[in-house]
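**Q** here's my sequence, what's the structure:
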Amino acid sequence: MADFALVIAQRSEHLYRLGRAAAEHVATAGAQDDPTAWLMQHMPVGTNCSLVTDLMDESYVRSNLPPIWLPATRRRLLQRRLTQQFRDMPYRAAVLSSSGSWRPPTRASLIGIGASERIGEWLAALAACHARVKGLWPMSALIALAIDQKAARRARTEFTLEVAEPAHLRPTLALVATAAGLRQVLVRGKTPLFSRLVLNVNQGSLSAPSVLAEARRTVQYLISQEWLSSADLPVATQLWLPFDDQQAQADLSNDPTLDLQLIEAVTDAYARLLPQLKSVAAQLQFFPQKFRSSWRAEQIARSSKIAGFTALALSGLWSAQLLSESLAKRSLAHEQLASASAINQQARQEALLAKGDLRQAGLTVATVQAWQQFIAMQADQFAAMQHIASALQAAPGVELQKIVWNLPRLQADTAGPAPALQVLPLQCPKAREQAVEIIAPAPATATATATAKPSAALLNLTAALPQGLSQRQALQLQNRLLAGLNAGGWSASLIKSAVNLDPAQAQVGKLGVAGVAGDRALEFCLLKAAP
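**A** You can find the predicted model right below:
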């Protein structure tokens, strides 16, 4: 949605549509037009609009400040001076002129805009159109941003001392012909310190000689009011007129008061100046602080909403990409498992067709058996991960920390005599102790039956319980997880308990304290028997 700017001139109002680098004139309202109906006709409902004043009823008062280092103290002093100077003007602001060094600013311009009833009438019309008003700025603020500070200055012929003030803070007098009249603005850097509007009496009042004569009178007034000093002469002057007059710049080359830098032909000054609203300073905002705070809060909320939707869309795209990659890897794993049987059959046929050294054929068979066992183990690991996930879902709050695998040594049948290696079976540490206590009294046949099947995989699982649980809650959650792990052909044993289960040791705790001192670490040992 495009933004709009409403210029309240001395005798009329002008509506412009703001683009990225230019402003387009929409309509001009006269004294007989109704503000609400006129805005409804030329501006969409609910759009953004900025107010700019080009009135004669503007007061600029020079104010000297002591060197105050704290910005808050300086701001309170300026507010008191504004209230004393412009008690009946609701639209007022204090503009500070930069000192050009590390010292605090000591020059300020107190600005008050009159015609508050007329501005309030147009604000009510904008409210009826549900327009969001960004703020109120004077035309002098836009002129200060638009003048060319890099224009070459005329060299002085007389001997003068070096001025410590930077060149970009030297005063510049800008004279701009607008629809309201001839606007004269004194600028230091990008800060307007003084401004006055001279109404156009007739067509000849905007000629170059008459404009320059008016500029000389303004310079004399600024010197008498101590806005300028004799060290600032000649004052850099820039003219924006509806026509181009190069002869005036040549005639005034030796003027001791004015340093005429350029005369630029500008037919519509408002269209040229209104794009500067994007970079106008906050100190030139003439609406009260409460109004500015509500507008900034609305802008922040809108920006946060856009940022939230953008982050949600990016996270959705990222999740979709991860899901696609996971599905591709899973399908690739299934294809590898499906092709393993075909590879095994092909290897067996090549081993049967082998001639010569039978040991070489036995090595080929051993390699095929190792690959077959590895593929089988991979399938068991995937099933084990699914088993652990289902057990953790039944015990909410448990934090999984580490999983350690231990696979048995691969045995291969070779043609030659194999070295006699003693391979220890995979057993859990605590499970081995329990076997001594429980299986030892049983008959020898039961022991042989229990140890007949070797172990296919050994898994150590380390987890942690929440700290805020009581002893009873922690024990219940631990038993629930142990019962979930003892399923699907897996034999789980508890190596390290989160709760002290020693019957010979007394239980110690504190009333009113959730949980006990120390960690809530758990360690399980899972054993899967070979099929």
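**Q** packing partners of the biggest helix by length in the chain?
**A** Ranked by residue count under DSSP state H, the longest helix found in the chain is helix 289-352. Here helix 289-352 touches strand 132-138, helix 358-393, going by 3 or more C-beta pairs under 8 Å, 6 or more residues apart in numbering; DSSP states H and E. Every C-beta, even on glycine, is put in place using the N, C-alpha and C of the backbone.
**Q** weakest of the ones you listed by average pLDDT?
**A** Lowest mean pLDDT within these: helix 358-393, at a mean of 66.
**Q** right, and the helix or strand after that one?
**A** Scanning forward in sequence from helix 358-393 by DSSP states H and E, the next helix or strand is strand 399-406.
**Q** what about that next one, average pLDDT?
**A** Mean pLDDT, strand 399-406: 82.
**Q** kindly export it (C-alpha atoms) in PDB.
**A** This file holds the C-alpha atoms of strand 399-406, laid out as PDB (Å, rounded to 0.1, in the frame of the first residue of the first chain):
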ATOM      1  CA  GLU A 399      16.200 -37.500  29.200                       C
ATOM      2  CA  LEU A 400      18.300 -39.900  27.000                       C
ATOM      3  CA  GLN A 401      22.000 -39.100  27.300                       C
ATOM      4  CA  LYS A 402      24.100 -41.900  25.700                       C
ATOM      5  CA  ILE A 403      23.700 -45.200  23.900                       C
ATOM      6  CA  VAL A 404      26.800 -47.600  23.500                       C
ATOM      7  CA  TRP A 405      26.700 -50.600  21.200                       C
ATOM      8  CA  ASN A 406      28.700 -53.800  21.600                       C
END
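**Q** mind checking how far the residue nearest in space to the middle of the chain is from residue 300?
**A** Centroid-nearest residue in the chain: residue 307, 7.4 Å away (criterion: C-alpha atoms, centre = their mean). Residue 307 sits 10 Å away from residue 300, going by C-beta to C-beta, to the nearest Å.
**Q** and for residue 212?
**A** From residue 212 to residue 300 the distance is 48 Å (C-beta to C-beta).
**Q** these two: who's more crowded?
**A** Shown here are residue 212 and residue 300; by other C-beta atoms under 10 Å, residue 212 has more neighbours (22 against 10).
**Q** assign the more buried one to helix, strand or coil.
**A** Following DSSP: H, G, I helix; E, B strand; the rest coil, residue 212 is assigned to helix.
**Q** could you report the pLDDT at it?
**A** On pLDDT, residue 212 comes in at 83.
**Q** go ahead and confirm it touches residue 258.
**A** Yes. Residue 212 lies in contact with residue 258 (C-beta atoms under 8 Å); the separation is 6.8 Å.
**Q** what stretches of the stretch 101-250 of the chain score poorly on pLDDT?
**A** Counting by pLDDT under 70, the stretch 101-250 of the chain contains low-confidence residues at 149-168, 200-205, 244-250.
**Q** tell me where it has strands.
**A** In the stretch 101-250 of the chain, the strands defined using DSSP state E, counting those that start in this stretch lie at 107-113, 132-138, 171-177, 182-188, 191-198, 235-241.
**Q** could you dump the fourth one to PDB, C-alpha only?
**A** As requested, C-alpha coordinates have been extracted for strand 182-188 and formatted as PDB (Å, rounded to 0.1, in the frame of the first residue of the first chain):
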ATOM      1  CA  LEU A 182       9.000  32.000  -0.900                       C
ATOM      2  CA  ARG A 183      10.400  29.800   2.000                       C
ATOM      3  CA  GLN A 184      13.700  31.000   3.500                       C
ATOM      4  CA  VAL A 185      15.500  28.500   5.800                       C
ATOM      5  CA  LEU A 186      18.800  28.900   7.700                       C
ATOM      6  CA  VAL A 187      20.500  25.500   7.900                       C
ATOM      7  CA  ARG A 188      23.600  24.300   9.800                       C
END
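**Q** name the surrounding residues that touch it.
**A** With contacts defined as C-beta atoms under 8 Å, 6 or more residues apart in numbering, strand 182-188 is touched by 54, 97-98, 139-140, 143-144, 147, 169-177, 192-200, 205-206, 211, 214-215, 218, 222, 227-228.
**Q** adjacent strands (with direction) for it?
**A** Looking at strand 182-188 with DSSP bridges, its partner strands are strand 171-177 (antiparallel), strand 191-198 (antiparallel).
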